[in-house]
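A.B. asks: Sequence below, structure please.
(one chain, ligands or ions: 1)
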Amino acid sequence: MKRILSGVQATGKIHIGNYFGAIKQFVDLGKDNDAYYMIADLHSITTVQDKEELKENIFDVALDYLALGIDPEKSVIFRQSQIPAHTDLTWIFNCITTMPYLMRAHAFKDAEAKAKEVNVGLFDYPVLMASDILLYSPDLVPVGKDQKQHVEYARDIAEKFNRIYGDTFKLPEEYILQDVAIVAGIDGRKMSKSYGNHIPLFAERNEIEKLVMSIVTDSKTPEETKSTEGDTLFTLHSLVSDKETLDKVRTGYENGGLGYGETKKMLVESMDSFIAPLREKRRELVKDRDYVLGVLEEGANKARNVARLKMQEVKEKIGLILE
Ligand code: TYM
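C.D. replies: Here you go, the predicted structure:
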């Protein structure tokens, strides 16, 4: 049994990339491990600054986790903002982390390159994430490839702390499944809310249809042979279609005879069949707000106990506890 920790930001509706790249692994690993899954609501205020939107986003992630099958009897589901140790430890880590080191983070460099306004929270994002992880001493952190550097930062920060103050933090490993490390969006780039190329996981059929039909392809005719390698349509089929449909697409691509239009129509069918039961389960959960809030409260109590113990050890190590 391993300790698992991961999280999702509360920044809007989750998409197919979040699910296959990360949350599906949360569900699978949660079955026989000691797992902690956060709603990263403090990370999301680096960008979301509307009260009602934030509240809705937070509740949405809780619904998503439950609808997708994370079992709160087995895994701890909690909100980052309910555990003060996350921000306490961030301050302590800030004092051993240099600015040039944080300036090398991809997310910061991206924001700089786009001349975006970078608030201090956004700059410090990797440090808060290191605290999220290290407080719970996980063996594995399931994430998509875009978060790999953040887990490396957590490892570096843990090593540095251990070097200065003595062995305190376990070094975490990222858990990334290669086939879904980067799920592509409808324009072929990494699926991302910020690129606006995403397919929401709980989309209704008409929305799925609109998005799938707009997936960018080359201009090959139905008769021409096509490569499955790196093809967005084929990759999405491999995630949501049954074996029979997937075989049909593969054969049609390799031998020619299947056009992109037809492939898209089949994808709409597969995706809708895949999403329909999840949508249904989520709709049921929406009706039971008290249950969902109860899960978060109970999760926070469990997480708080683990985090508090680690914080006590940290404070002791750095000289913040007087005997
Ligand atoms: P977030 O909310 O952006 O994304 C949640 C998870 O989805 C993965 N993901 C993808 N995987 C494959 N293909 C894609 N196109 C794709 N898009 C997103 C992400 O890699 C992520 O695993 N910083 C984190 C949240 C966080 C966290 C943590 C994660 C805060 N604290 C501690 C792990 C441990 C984030 O913004 O994820």
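
A.B. asks: from here on, contacts and neighbour counts on C-alpha atoms
C.D. replies: Will do.

A.B. asks: near the ligand, which residues of the chain?
C.D. replies: Contact residues (Cα under 6 Å from any ligand atom) of the chain with the ligand: 6-9, 17-18, 21-22, 40, 129, 132-133, 143-147, 180-184, 190-192.

A.B. asks: Okay, and which of those map to strands?
C.D. replies: Using DSSP state E, the subset of the residues of the chain next to the ligand located in strands is 6, 7, 8, 9, 40.

A.B. asks: Mind putting those residues into CSV with pLDDT and neighbour count?
C.D. replies: Shown next, in CSV, are those (pLDDT from 0 to 100; neighbours: other Cα atoms under 10 Å):
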residue, pLDDT, neighbour count
6, 98, 23
7, 98, 25
8, 98, 21
9, 97, 18
40, 98, 23
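
A.B. asks: hmm, which two among these are most spread apart?
C.D. replies: Taking Cα to Cα as the measure, those span a maximum distance of 10.4 Å, between 6 and 9.

A.B. asks: Now do the buried residues in the longest helix along the chain.
C.D. replies: Determined from DSSP state H, the single longest helix within the chain is helix 289-318. By neighbour count with 16 or more other Cα atoms under 10 Å, helix 289-318 contains the buried residues 292, 295-297, 299-300, 303-304, 307-308, 310-311, 314, 317.

A.B. asks: Which parts of the stretch 1-150 of the chain are strands?
C.D. replies: 3-9, 34-40, 76-79, 140-142 (DSSP state E, counting those that start in this stretch).

A.B. asks: Show residues contacting the last one.
C.D. replies: Contact with strand 140-142 is made by 2-6, 22, 25-26, 133, 151, 172-176, as judged by Cα atoms under 8 Å, 6 or more residues apart in numbering.

A.B. asks: if we go to 6 Å?
C.D. replies: Defining contact as Cα atoms under 6 Å, 6 or more residues apart in numbering, one finds that strand 140-142 is touched by 4, 5, 6, 172, 173, 174, 175.

A.B. asks: Verify the stated contact: the third one with residue 37.
C.D. replies: So that's residue 6. Yes: taking contacts as Cα atoms under 6 Å, residue 6 lies within contact range of residue 37: 5.2 Å.

A.B. asks: Only the buried residues of the lowest-mean-pLDDT helix or strand in the chain, if you could.
C.D. replies: One helix or strand of the chain scores below all others by mean pLDDT, DSSP states H and E: helix 106-113, with a mean of 92. Across helix 106-113, burial judged by 16+ other Cα under 10 Å covers 107, 108.

A.B. asks: With just CA atoms, put it into CSV.
C.D. replies: Below are the C-alpha coordinates for helix 106-113, written out as CSV (Å, rounded to 0.1, in the frame of the first residue of the first chain):
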residue,chain,number,x,y,z
HIS,A,106,7.8,26.8,-17.1
ALA,A,107,4.5,28.4,-16.0
PHE,A,108,6.3,31.6,-14.9
LYS,A,109,8.4,31.8,-18.1
ASP,A,110,5.2,31.3,-20.2
ALA,A,111,3.4,34.1,-18.4
GLU,A,112,6.5,36.4,-18.8
ALA,A,113,6.8,35.6,-22.5
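
A.B. asks: Work out the gap between that helix and the centre of the chain.
C.D. replies: Helix 106-113 has its C-alpha centroid displaced from the chain centroid by 19 Å (Cα atoms, centre = their mean, to the nearest Å).

A.B. asks: just stretch 232-239 next, same as before
C.D. replies: 20 Å.

A.B. asks: can you check stretch 262-273 too?
C.D. replies: Distance, centroid of stretch 262-273 to centroid of chain: 25 Å (Cα atoms, centre = their mean).

A.B. asks: Could you list the buried residues of it?
C.D. replies: Taking 16+ other Cα under 10 Å as the criterion, stretch 262-273 shows 263, 264, 266, 267, 268, 270, 271, 272 as buried.

A.B. asks: mind putting those residues in TSV, distance to residue 103 included?
C.D. replies: Below are the buried residues of stretch 262-273 laid out as TSV (distance: Cα to Cα, whole Å):
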residue	distance to residue 103
263	43
264	42
266	45
267	41
268	42
270	43
271	40
272	42
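
A.B. asks: can you put the residues you listed in TSV and add secondary structure and pLDDT?
C.D. replies: Shown next, in TSV, are the buried residues of stretch 262-273 (DSSP: H, G, I helix; E, B strand; the rest coil; pLDDT from 0 to 100):
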residue	secondary structure	pLDDT
263	helix	97
264	helix	97
266	helix	97
267	helix	97
268	helix	97
270	helix	97
271	helix	97
272	helix	96
